[in-house]
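1. let me see the structure of the following:
(chains A and B)
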Amino acid sequence: MKYLDEYRDAKAAQALIQKIKSTSKKSWVIMEICGGQTHTILKYGIEELLPTNITLVHGPGCPVCVTPLEMIDKAIAIASLKDVIFTSYGDMLRVPGSKSDLLNVKANGGDVRMVYSPLDALKISELNPDKKVVFFSVGFETTAPPNAMAVVEAQRRKLNNFSILCAHVLVPPAIEALLSSRESRIQAFLAAGHVCTVMGYSEYIPISKEYNTPIVVTGFEPVDILQGILMAVQQLEESRCEVENQYSRSVRLEGNPIAKKLLTETFDIVDRKWRGIGTIPQSGYRLKEKYSSFDAEKIFNVEYITKEESPLCIAGEVLQGLKKPTECSAFGTLCKPESPLGAPMVSTEGACAAYFHYHK
Amino acid sequence: MEQNKQFNIDNYSCPIPITEYDKVMMAHGGGGTLSHQLIEKMFLSQFDNELLNMQHDGSVFEIGGERFAFTTDSYVVQPIFFPGGDIGELAVNGTVNDLAMCGAEPIYLSAGFILEEGFPLEDLWRITLSMKKAAERAGIKIITGDTKVVDRGKGDKIFINTSGIGKVYPGIEISPKNCKPGDVIIISGKIAEHGMAIMSAREGLEFETAIKSDTLPLNLLVSAMLKVSNKIHVLRDPTRGGVASTLNEIASSAGVGIEIDELAILISEEVRAACEILGFDPLYVANEGKLISFVEKDDAEKILMAMKNHPDGKDAAIIGRVVSEHPKRVIMKTSIGSMRVVDMISGEQLPRIC
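-> Next comes the predicted model:
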């Protein structure tokens, strides 16, 4: 398949591994920010191919994993209501809230539906005018534009039974929070190619400068990731720190201007809680006041729900790259994909689930 | 109902999952870890007997010196008409295949229908005709049946149960116990077609694709294989849970290690593309017309050729082998040359966000 096979090619991968081996003289710690990249790294056994002086730590870039417990509880509260059809991307359904998950709500008779696009949720609202249709709007800058588009469309079509439960998070503030932490051991970042396809990468330049840290915008196939690692290692070895673009077949410096404009017009940037990390200033989106009639938190009055996480789960340290999933005492015993204690065990992009499946 | 009185979920002495849920979840039927736990803790522990405990697709037993295979399966697929087939065809082929995987020639089937009030008779007619056609193709007869109608809203259009009986070919023994290091693993064709055809046709998940279900009776192919060799140790059709779950089941029940080669497993371009879009791993997607066989090394080439020469196995390929290392574990050589674990699926595959 074009644009896939050449990036999963054994020869290209082996050549890059040799290059990484010959280039890296010192020990380096690199974080891939995105869960999609973590998944590829584990699925293709990339860590096993790398020289031992390169350590990869898996970042908080899985939207399923970082959606805070209280937001899941809000979703569950809304989805349990009688006149509600709750729609969501598939992998949010199994994320444990403090007592239950959305699949349990469905098993108990709630109308919970999996959709692939927020526009499918709009269609459901049109077909069910007597129901309130809520879409769980989660994800990074990648899923934000289509979700914003759904709200704009709902307003245009005068669908007053549609709303979104907005839990969007932003990548650059998270990178900054990780770098400013005193415990941080991260020396370079692989930034998320898809996020940068939307947003471009100019906002990473000041971060790279301030924290003296190379950032390489990287794709998602094994060859992409190996090349991203090589570019990061080259910068580190040469004591450079720049923002470089490995994923140039998709990413431009300025990103996608139409999508960015839509985001600015639809959302305000607000402080947001990240599961396992805590509140990161200016790290999330909330619907603008003019769209408040589409804001499920306001409509269903669930803003009061707050929750703290279980102390057993070390998701926070995993998501900050301080610990590997296997260092958790519950890993693979109390906490498994079919009975997750914390969110990184739920999604295939979660670091713990990726380790569980591919790294025994 | 004394059994029911005794049953108290709180006192139920089973380690995690089942006690985690006090209700049946969709994943309990997904063919993965939760399904296995449900079957083992709930049914096997109570129905406990030698034949059932073999946990094969069907049971093989002896009557009057001859060996027979018996199996049952229920079909609840939604949508009932999908690209490449329908629930009726699936109900015949699926049970025929369970018998074929026991090394049996299927003879008779039963058919039980649970119909929802209001279900169009025209649709039922279509389904009946396709069951007739499927039965003819597989060379079996449907000799008994049952019909029940439930109130509107109490069922989903139509559910079909079929049971089947077949005669085991003399001189062969198909059982995971027989597989041993050195055995060669052959798959009969391209994978993940049925599951992706169903996904593409499901309401709310609309994307345009030409993927068709691979639903097919496998008894003719099995018969062609057995004609050239009786050194076939295991036969399985990788339905729910896909190739990965089937290989894991075999590795764990035979106590052997399995090594497969990612590049040897054929997947059509359309299926690969659909899996990429939805974030599915094709190794975990259902098939309805493919078989995996574990065969003696010396006969592997012969069996492979017999499969390739049969229309139902023309894309057959060797995908791996049985090893003595890492018992009960499936390891795959990836396309970039590294090795990784291929695990059992944990629940339903859920499409990922991005």
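
2. the closest residue to residue B:276 other than its chain neighbours and residue B:335, how far apart?
-> In space, not counting the residues next to it along the chain, residue B:276 is nearest to residue A:4; the distance is 7.0 Å by CB to CB, 6 or more residues apart in numbering or on different chains. To be clear about C-beta, it is placed using only N, CA and C from the backbone, and glycine gets the same treatment. With distances taken as CB to CB, to the nearest Å, residue A:4 is found 10 Å from residue B:335.

3. ok, these two, which is more surrounded?
-> residue B:335 (19 against 14; other CB atoms under 10 Å in any protein chain shown).

4. list the buried ones in the longest strand seen in chain B?
-> As assigned by DSSP state E, the longest strand anywhere in chain B is strand B:104-116. By neighbour count on 16 or more other CB atoms under 10 Å in any protein chain shown, the buried set for strand B:104-116 is B:104, B:105, B:106, B:107, B:109, B:110, B:111, B:112, B:113, B:114, B:115, B:116.

5. which parts of the stretch 51-200 of chain A sit against chain B?
-> In this structure, the stretch 51-200 of chain A approaches chain B at residues A:63-64, A:89-94, A:103-104, A:106-108, A:113-116, A:120, A:124, A:138-140, A:142-143, A:194, judged by CB under 8 Å from any CB of the partner chain.

6. at 10 Å what do you get?
-> A:61-64, A:87-94, A:96, A:101, A:103-104, A:106-108, A:113-117, A:120-121, A:123-124, A:136, A:138-143, A:192, A:194-195 (CB under 10 Å from any CB of the partner chain).

7. for residue 226, which non-adjacent residue is spatially closest?
-> Answering for chain A, as no chain was given. Excluding the flanking residues, the one nearest residue A:226 by CB to CB, 6+ apart is residue A:16, at 3.9 Å.

8. I was thinking of chain B, sorry if that wasn't clear
-> That would be residue B:169: by CB to CB, 6+ apart, it lies 5.5 Å from residue B:226.

9. that neighbour contacts residue B:223, doesn't it?
-> Yes: under the criterion of CB atoms under 10 Å, residue B:169 makes contact with residue B:223 at 8.0 Å.

10. low-confidence ranges in the stretch 251-354 of chain B?
-> B:346-348, B:350-354 (pLDDT under 70).

11. got a list of what residue 78 touches?
-> In the absence of a named chain, chain A is used. Listed by CB atoms under 10 Å, 6 or more residues apart in numbering or on different chains, the contact partners of residue A:78 are A:84, A:86, A:105, A:110, A:132, A:134, A:136, A:163, A:165, A:296-297, A:299-302.

12. not quite, go with chain B.
-> Residue B:78 makes contact with B:87, B:156, B:157, B:198, B:201, B:202, B:203 under the criterion CB under 10 Å, 6+ apart.

13. strands of the stretch 251-360 of chain A, residue ranges please.
-> Here the stretch 251-360 of chain A has its strands, by DSSP state E, counting those that start in this stretch, at A:267-274, A:278-287.

14. so residue B:42, which state does it fall into?
-> helix (DSSP: H, G, I helix; E, B strand; the rest coil).

15. what about the closest residue to residue B:213 other than its chain neighbours, neighbour count?
-> In this structure, residue B:213 finds its nearest non-sequential neighbour in residue B:84, 3.5 Å apart by CB to CB, 6+ apart. Neighbour count of residue B:84, defined by other CB under 10 Å: 19.

16. now do residue B:279
-> Applying other CB under 10 Å, we find 20 residues neighbouring residue B:279.

17. same thing with residue B:122?
-> Considering only other CB under 10 Å, residue B:122 is surrounded by 8 other residues.

18. just list what the helix or strand harbouring it packs against, helices and strands only.
-> Using DSSP states H and E, residue B:122 falls within helix B:121-138. Helices and strands touching helix B:121-138, by 3 or more CB pairs under 10 Å, 6 or more residues apart in numbering or on different chains; DSSP states H and E, are strand B:81-82, strand B:85-86, helix B:87-100, strand B:104-116, strand B:141-150, strand B:158-168, helix B:219-228.

19. redo these as TSV? Include mean pLDDT and distance to residue B:131.
-> As requested, these are arranged in TSV below (pLDDT from 0 to 100; distance: least, CB to CB, whole Å):
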stretch	mean pLDDT	distance to residue B:131
strand B:81-82	93	13
strand B:85-86	96	9
helix B:87-100	97	4
strand B:104-116	98	7
strand B:141-150	97	7
strand B:158-168	97	8
helix B:219-228	97	16
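
20. residue B:295 is nearest to which of these?
-> helix B:219-228 (8.4 Å; CB to CB).

21. name the helices or strands packed onto the closest one?
-> Packing contacts for helix B:219-228, counted by 3+ CB pairs under 10 Å, 6+ apart, involve helix B:87-100, strand B:104-116, helix B:121-138, strand B:232-236, strand B:292-295, helix B:300-308.

22. which stretches in the stretch 201-350 of chain A count as helices?
-> Along the stretch 201-350 of chain A, counting by DSSP state H, counting those that start in this stretch, helices occupy A:204-211, A:222-237, A:257-266, A:296-299, A:315-319.

23. not counting sequence-adjacent ones, nearest residue to residue B:108?
-> residue B:143 (4.8 Å).

24. do residue A:235 as well
-> Closest residue in space to residue A:235, ignoring its immediate chain neighbours: residue A:214 at 3.8 Å, by CB to CB, 6+ apart.

25. show me what counts as buried in stretch B:307-327.
-> Quick answer for stretch B:307-327 (16+ other CB under 10 Å): B:307, B:310, B:312-313, B:316-323, B:326.

26. residues contacting the residue in chain A sticking out farthest from the centre?
-> Here the centre of chain A is the reference, and by CA atoms, centre = their mean the most remote residue is residue A:130, at 33.7 Å. By CB under 10 Å, 6+ apart, the contact set of residue A:130 is A:83, A:161.

27. can I take it that it is in a strand?
-> No: applying three-state DSSP, one finds residue A:130 to be coil, outside a strand.

28. before we move on, the earlier item: closest one of the buried residues of stretch B:307-327 to chain A?
-> Nearest to chain A among the buried residues of stretch B:307-327 is residue B:326, at 9.2 Å by CB to the nearest CB.

29. distance of the closest one from residue A:42?
-> 18 Å.

30. how about residue 308, nearest residue that isn't a chain neighbour?
-> Answering for chain A, as no chain was given. Closest to residue A:308 by CB to CB, 6+ apart is residue A:69, at 7.4 Å.

31. my question was about chain B
-> With CB to CB, 6+ apart, the residue lying closest to residue B:308 is residue B:316, at 5.3 Å.

32. so that neighbour touches residue B:266, yeah?
-> Yes: between residue B:316 and residue B:266 there is a contact at 9.3 Å, judged by CB under 10 Å.

33. is stretch B:244-262 anywhere near chain A?
-> Yes: using CB under 10 Å from any CB, we find that stretch B:244-262 touches chain A at B:244, B:262.

34. buried ones in that stretch?
-> Buried residues in stretch B:244-262 (16+ other CB under 10 Å): B:244-254, B:256-262.

35. name the helices or strands packed onto the worst-scoring helix or strand of chain A on mean pLDDT?
-> Least confident helix or strand, chain A: helix A:315-319 with a mean of 79, by mean pLDDT, DSSP states H and E. On a contact count with 3+ CB pairs under 10 Å, 6+ apart, helix A:315-319 meets strand A:54-61, helix A:63-66, helix A:351-358.
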